[in-house]
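Peer 1: Here's a sequence, model it:
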Amino acid sequence: MATMKAVQIVGRGGPFELVEVDIPEPGAEQVRIRVEACGVCHGEVMALEGHAPNMQYPRIPGHEVIGVIDKLGSDVSGWSVGDRVGVGWAGGHGQVTGLTYDGGYAEYMVAYTDGLARVPEEVSAEEVAPLMCAGNTTFSALRNSQARPGDIVVIGGIGGLGHLAVQYAKKAGYHVVAVSRGKDKEPLAKQLGAHIYIDAEAEDPAKVLQSMGGAKVVLATAPNAKSISQLFNGLAPGGELIVVAGSGDQLDLTPAQFLNGRRTFKGWTAGPAKESEETIAFSVLTDVHPMVEVFPLEQATEAFEHMMSSKVRFRAVLTMNK
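Peer 2: Presented below is the predicted three-dimensional model:
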């Protein structure tokens, strides 16, 4: 049987291991994808730590997948060999890509048809891969928020999620305020589209925001409980804070803070394939681009470590073409 290169997690806690395994065969309502690129995401930690019922190892991670269909399984309609597709976190049939079934850290993978997003030919695989999760998450969170054009929208954090969120917020017509730590991030934040930058090391973001009348929406893209709690106090009456990245750290919020101004707090994650298609379409239409560093599949461990230590600016992507 023909084989392929893949990177798998050998057991709970890792490590990643480069292996040669059989090329998978698609089953009913599945297609096989020849993978072109796969983003490296913090969500891989869930696979490493076994955050799924009856987690099975070895597991091939990766849920920001771009590739081309090269074989159809049975009972497949609406898709053809040669179609360019993407697969995100929501893998179809209730599966989670790279967690409950094998993902895109491989030369080939199988996917359910209800988890497939159509990807236009004119975009590069390496650049569009992060849109399947990071882009999907931030774009759909903003689009489904209370914000309307002209409203003050705050993006907390200028990293893998935040650098996309700033671009989406600007293109959607919001009054964009970027918040991060350090004056050195201001030029990039404004280059990406922020109208105002607040250095959280130099001033209290909540006080600055309240002096502006308060934020309609705060999108918290950095998994820092202290900064998330601080930004909540910058909301206008009726405003909402949306968390798209978090940790297990305790938030310092009281019921009175929610009651004061009827403020709300919610979480948001990447949605199904349709939302990925809409994210890609908006990104192409408005010229939104993720900033990526590309690694060959063989350097998956290095790419993951760079992502986890924030050495990547701003999304790491594995390519099967090098």
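Peer 1: where exactly do the strands run in the stretch 51-200 of the chain?
Peer 2: Taking DSSP state E, counting those that start in this stretch to define them, one finds strands in the stretch 51-200 of the chain at 65-72, 84-87, 108-112, 116-118, 152-156, 175-180, 196-199.
Peer 1: which of those sits most buried?
Peer 2: Each of the strands of the stretch 51-200 of the chain was scored by mean neighbour count; the highest is strand 152-156, a mean of 30, by mean count of other CB atoms under 10 Å. In short, each C-beta sits where N, CA and C put it, glycine included.
Peer 1: Partner strands of that one, with direction?
Peer 2: strand 175-180 (parallel), strand 215-220 (parallel) (DSSP bridges).
Peer 1: K71: which of these is closest?
Peer 2: K71 lies closest to strand 215-220 among the strands paired with strand 152-156, at 39.5 Å (CB to CB).
Peer 1: neighbouring contacts of that closest one?
Peer 2: The list of residues contacting strand 215-220 from outside it, by CB atoms under 8 Å, 6 or more residues apart in numbering, reads 138, 141-142, 145-148, 151-157, 165, 169, 174, 177, 209, 227-228, 231-232, 234-236, 238-246.
Peer 1: average pLDDT across that strand?
Peer 2: Across strand 215-220, pLDDT averages out at 98.
Peer 1: Can you name the next helix or strand after it?
Peer 2: Past strand 215-220, further along toward the C-terminus, the next helix or strand under DSSP states H and E is helix 225-232.
Peer 1: Please flag which of the contacts of strand 215-220 sit within helices.
Peer 2: Secondary structure assignment by DSSP state H places 138, 141-142, 165, 169, 209, 227-228, 231-232 of the contacts of strand 215-220 in helices.
Peer 1: farthest pair in those?
Peer 2: The span of the ones in helices among the contacts of strand 215-220, defined through CB to CB, is set by T138 and L209 at 19.6 Å.
Peer 1: With neighbour numbers in mind, choose between the two.
Peer 2: Here T138 and L209 are compared on neighbour count by other CB atoms under 10 Å; more neighbours surround T138, at 31 against 24.
Peer 1: Spatially nearest residue to the more buried one, not counting backbone neighbours?
Peer 2: Spatial nearest neighbour of T138, excluding adjacent residues (CB to CB, 6 or more residues apart in numbering): A165 at 4.1 Å.
Peer 1: isn't that neighbour right up against G156?
Peer 2: No - counting by CB atoms under 8 Å, A165 sits too far from G156 to count as a contact (9.0 Å).
Peer 1: any common contacting residues for these two?
Peer 2: Shared contacts of A165 and G156 (CB under 8 Å, 6+ apart): 219, 221.
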